[in-house]
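Enquirer: Sharing a sequence plus its predicted fold:
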Amino acid sequence: MPERGQTTEEHRIPKAAEPSGSAALRRTGALVTLVLGGLTAVPPLSMDMYLPALPEVTDALGAPAATIQLTLTACLMGMALGQLVVGPMSDKWGRRRPLLIGLLVYILATAICALAPTAELLIAFRLLQGLAGAAGIVIARAVVRDLYDGVEMARFFSTLMLISGVAPVVAPLIGGQVLRFTDWRGIFVVLTGVGIALTLLVWRRLPETLAPEKRHGGGTAEALRTMRSLLADRVFTGYMVAGGFAFAALFAYISASPFVIQEIYGASPQTFSLLFGVNSVGLILAGQVNGKILVGRVSLNKVLAVGLGVITLAATALLLMTAGVFGEVGLFPVAAGLFVLMSAMGLAMPNTQSLALIRTPHAAGSASALLGTSSFLIGAVASPLVGIAGEDTAVPMAVVQLVCALAAVTCFVGLCRPWQHKTTEEADH
């Protein structure tokens, strides 16, 4: 763990300890961005291509909306639990082998989802899809930690948001267009093809980034000890949980928006896809402002504080609008509130990850697993709550978003206490 005031250069991996491909991989910026961006795009692709089809799946499988929403929750839960397994595995065996195994299982599970005859079977294989897809999420973050540090790492996470942010923009649009020619099963066929292409790209273009001497030789007991020591770091835990609640506010929108936009406000699947894409563009632009303009000039903690503050204000406005405080409001004001909330995620999410991983150069895989697992578990708990009052009101979505935003702010202020310590990037300036 870097000590206060320690510079980026003082705790970067020594050149002699790097795998032979790491230095070359850093020089090949576009290549590493493409590969890691593709891996981080797996979750939004798996979730968001499927969103326009949720009402159709409800009708096709004869299940209530709450049951079909569990297909989202199951995938999210799988991604959470899978990271706890894959993260320590990547610290022990390196990044490449666990990643390729996870991608192969993802392909198989996604193909079976396309054939699922019942909602229960679809839920089961969405869980497996999530467990396997976790490999891409956790290892992508660990590879970034292997290659970069401090300001460079924060900038790279913001760059990754450009690619992974394109996925939510494109995915619902693709899903809506696929539904023009086939049913919801065709979406899983497309996802199977994406998995195959990504596996081939990783096999050919992503070398090992964790040197053998940096790997942990222990088994489950050592992995648990490592995670326990990470959780004992109050500041790391604060960033982890704050990021988890911010992600839960985002996922409350992802889970509820198909029903809110289409069922309550009467929009078509194509209109919903367009609005979802516009909101994702806001997230991308904010992420690029963060990475290209703010990082290195403004403290990561200050940018994170602004992001969490804007999320809280947007969630408050959404609750007031959906609860009828301003009378009957149409689609546009609600869509505007969701746009502001989504855009602020571009300031909050990359910085919680960077600030947490700066403290954990010794266990990037396990730290990445804890970051991802906390986000997905909190999001999985929040997801069913957005439909607790049925399909005719958007109030539960806004309530969940506001509660999560307030919890994120509380964790940031109460646990991280940024005024008491300096991060690596602050020590360098």
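Expert: Now that the structure is in, tell me what you want to look at.
Enquirer: how distant is the helix ranked longest in the chain from the center of its chain?
Expert: Secondary structure of the chain per DSSP state H: the longest helix is helix 150-181. Going by C-alpha atoms, centre = their mean, to the nearest Å, the spacing between the C-alpha centre of helix 150-181 and its chain's C-alpha centre is 11 Å.
Enquirer: Over to stretch 261-274?
Expert: From the chain centre to the centre of stretch 261-274 is a distance of 24 Å (C-alpha atoms, centre = their mean).
Enquirer: swap in stretch 175-192?
Expert: Mean-position distance between stretch 175-192 and its chain equals 23 Å (C-alpha atoms, centre = their mean).
Enquirer: Now do the longest helix of the chain: which elements does it pack against?
Expert: Using 3 or more C-beta pairs under 8 Å, 6 or more residues apart in numbering; DSSP states H and E as the contact test, the elements touching helix 150-181 are helix 29-48, helix 119-147, helix 185-205, helix 269-289, helix 331-357, helix 424-427. Using the backbone N, CA and C atoms, a C-beta is placed for each residue, glycine as well.
Enquirer: Check the secondary structure at the most far-flung residue of the chain relative to its centre for me.
Expert: Taking C-alpha atoms, centre = their mean, the residue of the chain most remote from its mean C-alpha position is Gly327, at 34.7 Å. Secondary structure state of Gly327, per DSSP: H, G, I helix; E, B strand; the rest coil, is coil.
Enquirer: What does the pLDDT read for it?
Expert: Note on Gly327: pLDDT of 71.
Enquirer: repeat for the one 5 residues further on
Expert: Phe332 carries a pLDDT score of 85 in this model.
Enquirer: One more: Gly165?
Expert: According to the prediction, Gly165 has pLDDT 60.
Enquirer: Also Leu385?
Expert: With respect to pLDDT, Leu385 scores 80.
Enquirer: so what's it closest to, chain neighbours aside?
Expert: Nearest residue to Leu385, sequence neighbours excluded (C-beta to C-beta, 6 or more residues apart in numbering): Val400, at 5.1 Å.
Enquirer: Measure how buried that neighbour is and give me the count.
Expert: Val400: 26 surrounding residues under other C-beta atoms under 10 Å.
Enquirer: Sketch out the low-pLDDT regions of the stretch 251-400 of the chain for me.
Expert: Applying pLDDT under 70 to the stretch 251-400 of the chain flags residues 387-392.
Enquirer: if we can go back for a sec, any idea of the angle the longest helix of the chain forms with helix 269-289?
Expert: Angle, helix 150-181 to helix 269-289, by axes from the mean of the first three to the mean of the last three C-alpha atoms, to 10 degrees: 170 degrees.
Enquirer: returning to that earlier point: which other residues reach the helix or strand where the residue nearest to Leu385 lies?
Expert: Taking DSSP states H and E as the criterion, the element that holds Val400 is helix 395-411. Helix 395-411 has contacts (C-beta atoms under 8 Å, 6 or more residues apart in numbering) with 238, 241-246, 248-249, 252-253, 256-257, 260, 308-309, 311-312, 315-316, 318-319, 321-323, 341, 348, 378, 382, 385-389.
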